[in-house]
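Q: below are the sequence and a predicted model; questions follow.
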Protein chains: 2
Amino acid sequence: MPIPTALTQRLGLAHPIIQAPMAGGGDTPALVAAVAEAGGLGVVGAAYLSPPQIAETVTAVRGKTGRPFGINLFSPLPAPVPPKDFAPAIARLAPYYAELGLPLPTAPGPAAYTFDDQLAAVLDSGAAFFSFAFALAPAAAIAAAKARGMMVAGTATTVEEAVVLERAGVDAVVVQGSEAGGHRGSFAQPFEAAMIGTMALVPQVVDAVGVPVVASGGIMDGRGIAAALALGASAVQMGTAFLTCEEAGIPEAYKQAILGAREHETRITRAFSGRPARGIVNRLMTEVADAEVPGFPLQNTLTRPLRTAAGKAGRAEFLSLWAGQGVRLARRQTAASLVHRLVAETRSAIDRLGG
Amino acid sequence: MPIPTALTQRLGLAHPIIQAPMAGGGDTPALVAAVAEAGGLGVVGAAYLSPPQIAETVTAVRGKTGRPFGINLFSPLPAPVPPKDFAPAIARLAPYYAELGLPLPTAPGPAAYTFDDQLAAVLDSGAAFFSFAFALAPAAAIAAAKARGMMVAGTATTVEEAVVLERAGVDAVVVQGSEAGGHRGSFAQPFEAAMIGTMALVPQVVDAVGVPVVASGGIMDGRGIAAALALGASAVQMGTAFLTCEEAGIPEAYKQAILGAREHETRITRAFSGRPARGIVNRLMTEVADAEVPGFPLQNTLTRPLRTAAGKAGRAEFLSLWAGQGVRLARRQTAASLVHRLVAETRSAIDRLGG
């Protein structure tokens, strides 16, 4: 039974369930397409993909489903101030590289492609939904995506950020509560101040903007979806719940870490990427202090070979185990099972309330 | 129209709305009685009251209502290690005392009464509901309150804390999400790890315990109540929403601060009491670092004369402005208006979902 909202009607979805973009391999074409086929919105996290990779991924998705899907980019950020010398940052990671028998990484070079290059691939993707995070996207990017008929959404962690996004012309705002796994989207307030719980943040944003609000952060099952809709959201965006799905392209050690984690075992760290993000506490997070790492995306580049090798070796201690605070509710299942279960649970949560 | 749950039926309430105990003057007998008369549960925050003050407050409440009410204490804590010398802690506060033309405080003496003294007054109070926070209450206290027919509830900030409470025999668990204003109730996990958003925490606790769960943290209106019930809670506990009610006994400057605050303007501090608590950022919080203050309740005693005088002088910069992250939703109104509005809003949030 469909759960219609302003957002599902616009996008032609059966259910107000968006799979969060999880740049870094989680959101495979198989996952995105399975969510779409089940009546939700699968989203390609394209932030770390080159333009040809975006085209290739989109082709793979479109080969599996004719239903609407979304795509996500990181908005362009001011280039981080590089350290005068990368040697200390590399030396800090050297013991971990040595443990995995890997050569040391080299100092990050200039990016191989720009946001505009990625955007061009997004505009050609045929996606129904384009979302961005980390900053306000350039006005031209928002206008171009809208001109292609895409629904455009930005990511906010405070009311002010949501208002900035609405004024810039987005069609929807994704609200990221403090429970959320992965990178913080804060851009108008310092991230520490912008750690607002979903329960508090959603209704305050709903009151402040006229566009549909998508709730994210700590939503793992149908109870959470019903709660988010009660708060005034038009849909939910869920990441962690999809990461343990069979189609998710993350290392098995990462899935195991989520399935074994407790709600108080995640925290915010800059150790992996240089930008604050919530993940399950592990050795690298514990040992490398935020103050020791260069800014995003420099640290991300420095740790990438380590993370890639750790994934293959099953060494969760060196992986960025992005996950939200609802981890105890994660289950191993197919994405189709998850979406169908979410819909049934949402209906029963609503029915219980009505009784 | 009543909103019945397991908890309202046990307590004989019309609505699953508990006014949070706000030790320190917010929860006057007038407020507690008004909430009770409107069909919710008013709770006397008795943590800082002497046994005679508890008896006096309860008499005042019972003079205004015959309906059930609750009472709350802080569980006994290990005595904090006092500094060898209180002079530095007092000197740190000296400029603020001077600004208000007050004499410096003296080193805190021994407490004038014990938890057991307070408990005796609670047992004689005729309250229908006894809740505690900051630690597990002694087994004898839980047993004694239950023997008087009281419903007994403890406060949890993690799943493990909720399980500890249930094993100790409580009848309900109050779950405190990270959004909540005032002191953190964490006792089994360090408070930093136990900053779990309400949206994530409530369903995980509901799955782990068999007793009714009361949701708190970031709930400010009927949308929040409907959301909490959808998550599986049997009631909500709300503090900040009641602080701006006419009956709340806090300084006008404190009410104004809440009414003017934005969701990203609170944070956790130890500066006022020595124990982590969420309040609106002000001068004393900004200037006094957590590392500079002795433990709870020593710092609380050292700042009390300053806070009392600041309240009279309308100087919000020296008040502990405890408030949750839902502050934008605070309104000036009577407690009866608030409860009636909450019930109507909850019903319409539920109706919108069912539609």
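A: Ah, there it is.
Q: okay, A:M1: pLDDT?
A: For A:M1, the model assigns a pLDDT of 55.
Q: same check, this time on A:A144
A: 98.
Q: over to it: give its phi and psi.
A: A:A144 adopts backbone torsions of phi -70, psi -40, taken as degrees, to the nearest 10.
Q: just the one 10 residues further on next, same as before
A: Backbone dihedrals for A:G154, given as degrees, to the nearest 10, come out at phi -110, psi 170.
Q: nearest residue to it other than its sequence neighbours?
A: Excluding the flanking residues, the one nearest A:G154 by Cβ to Cβ, 6 or more residues apart in numbering or on different chains is A:L165, at 3.8 Å. Yep, even glycine has a C-beta here, placed from its N, CA and C like the rest.
Q: what sits against the residue of the stretch 51-200 of chain A found nearest chain B?
A: Nearest residue of the stretch 51-200 of chain A to chain B: A:A200, at 3.2 Å (Cβ to the nearest Cβ). When contacts are counted by Cβ atoms under 8 Å, 6 or more residues apart in numbering or on different chains, A:A200 touches B:E179, B:T198, B:G217, B:G218, B:M220, B:E263, B:G324, B:Q325, B:G326.
Q: ok, and of these, which contact chain A?
A: With Cβ under 8 Å from any Cβ of the partner chain as the criterion, those include B:E179, B:T198, B:G217, B:G218, B:M220, B:E263, B:G324, B:Q325, B:G326 near chain A.
Q: so the second one sits right up against B:V214, yeah?
A: It refers to B:T198. No - using Cβ atoms under 8 Å, B:T198 makes no contact with B:V214, being 11.2 Å away.
Q: what residues are shared contacts of the two?
A: By Cβ under 8 Å, 6+ apart, the residues touching both B:T198 and B:V214 are B:V175.
Q: the more surrounded of the two?
A: Using other Cβ atoms under 10 Å in any protein chain shown as the criterion, B:T198 and B:V214 rank with B:T198 on top: 34 against 27.
Q: report the contact partners of the residue lying closest to A:S178 once chain neighbours are set aside.
A: Setting aside the residues directly before and after it, A:S178 is nearest to A:M195 in space (Cβ to Cβ, 6+ apart), at 4.0 Å. By Cβ under 8 Å, 6+ apart, the residues touching A:M195 are A:T157, A:S178, A:R184, A:I268, B:S178, B:M195.
Q: pLDDT wise, what is A:M195 at?
A: A:M195 carries a pLDDT score of 98 in this model.
Q: quick one: it from A:K146, how far?
A: 31 Å (Cβ to Cβ, to the nearest Å).
Q: same question for A:Q237.
A: From A:Q237 to A:K146 the distance is 20 Å (Cβ to Cβ).
Q: who's more crowded, those two?
A: Shown here are A:Q237 and A:K146; by other Cβ under 10 Å, A:Q237 has more neighbours (27 against 15).
Q: A strand includes the more buried one, no?
A: Yes - counting by DSSP: H, G, I helix; E, B strand; the rest coil, A:Q237 is part of a strand.
Q: so what's it bridging to?
A: A:I18, A:S216 (DSSP bridges).
Q: touching, it and A:P16? I think so.
A: No - here A:Q237 does not reach A:P16: they are 9.8 Å apart, not a contact under Cβ under 8 Å.
Q: need the buried ones from the ones next to chain A among the contacts of A:A200 selected in ChimeraX.
A: Here is the ChimeraX command that selects the buried residues among the ones next to chain A among the contacts of A:A200 (16 or more other Cβ atoms under 10 Å in any protein chain shown):
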select /B:179,198,217,218,220,263,324,325,326
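Q: Serialize the ones next to chain A among the contacts of A:A200 to a markdown table and add fields for secondary structure, distance to B:A55 and pLDDT.
A: Shown next, in a markdown table, are the ones next to chain A among the contacts of A:A200 (DSSP: H, G, I helix; E, B strand; the rest coil; distance: Cβ to Cβ, whole Å; pLDDT from 0 to 100):
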| residue | secondary structure | distance to B:A55 | pLDDT |
| --- | --- | --- | --- |
| B:E179 | coil | 34 | 98 |
| B:T198 | helix | 35 | 98 |
| B:G217 | coil | 31 | 98 |
| B:G218 | coil | 34 | 98 |
| B:M220 | coil | 33 | 98 |
| B:E263 | coil | 39 | 98 |
| B:G324 | coil | 30 | 98 |
| B:Q325 | coil | 36 | 98 |
| B:G326 | coil | 34 | 98 |
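Q: could you list the domains of chain A?
A: A:6-76+A:114-259+A:327-354, A:80-110+A:262-322 (automatic domain parsing).
Q: what's the closest of those domains to B:K84?
A: Closest to B:K84 of the domains of chain A, according to Cβ to Cβ: domain A:80-110+A:262-322, at 30.8 Å.
Q: how far does the closest one stretch from start to finish?
A: End-to-end distance for domain A:80-110+A:262-322: 22 Å, by Cα to Cα, to the nearest Å.
Q: same deal with stretch A:281-294?
A: Using Cα to Cα, the two ends of stretch A:281-294 sit 20 Å apart.
Q: which residues touch it?
A: So stretch A:281-294 is contacted by A:80, A:82-83, A:86, A:88-89, A:92-93, A:96, A:257, A:265-267, A:269-272, A:274, A:279, A:299, A:302-303, A:316-319, A:321 (Cβ under 8 Å, 6+ apart).
Q: which of the domains of chain A sits most buried?
A: domain A:6-76+A:114-259+A:327-354 (a mean of 23; mean count of other Cβ atoms under 10 Å in any protein chain shown).
Q: measure the residue nearest to A:G24 when sequence neighbours are not counted to A:N300 for me?
A: Once flanking residues are discounted, A:G24 sits nearest to A:Y48: 6.3 Å by Cβ to Cβ, 6+ apart. From A:Y48 across to A:N300, the span is 8 Å (Cβ to Cβ).
Q: in the stretch 101-250 of chain A, which spans are helices?
A: Ranges of helices in the stretch 101-250 of chain A, per DSSP state H, counting those that start in this stretch, are A:115-123, A:139-147, A:159-167, A:198-208, A:222-230, A:240-243.
Q: residue ranges with poor pLDDT in chain A?
A: Filtered on pLDDT under 70, chain A yields the residue ranges A:1-2, A:355.
Q: backbone phi and psi for A:P110, please?
A: Here is the backbone geometry of A:P110 (degrees, to the nearest 10): phi -70, psi 150.
Q: pretty sure A:G274 contacts A:T301?
A: No - in this structure, A:G274 is not within contact of A:T301 by Cβ under 8 Å, at 9.1 Å.
Q: quick one: name the residues of the stretch 101-250 of chain A near chain B.
A: Contact residues, the stretch 101-250 of chain A versus chain B (Cβ under 8 Å from any Cβ): A:158-160, A:177-179, A:189, A:192-201, A:203-204, A:206-207, A:217-221, A:223-224, A:226-232.
Q: am I right that A:G279 sits in a strand?
A: Yes - A:G279 forms part of a strand when assessed by three-state DSSP.
Q: what's the angle between the helix or strand harbouring A:R347 and helix B:335-354?
A: Using DSSP states H and E, A:R347 sits in helix A:335-354. Inter-element angle recorded for helix A:335-354 and helix B:335-354: 140 degrees (by axes from the mean of the first three to the mean of the last three Cα atoms, to 10 degrees).
Q: burial of the residue of the stretch 1-150 of chain A found nearest chain B, as a residue count?
A: Residue nearest to chain B within the stretch 1-150 of chain A: A:I3 (9.1 Å; Cβ to the nearest Cβ). For A:I3, the neighbour count with other Cβ under 10 Å is 22.
Q: having no further points to raise, I will conclude here.
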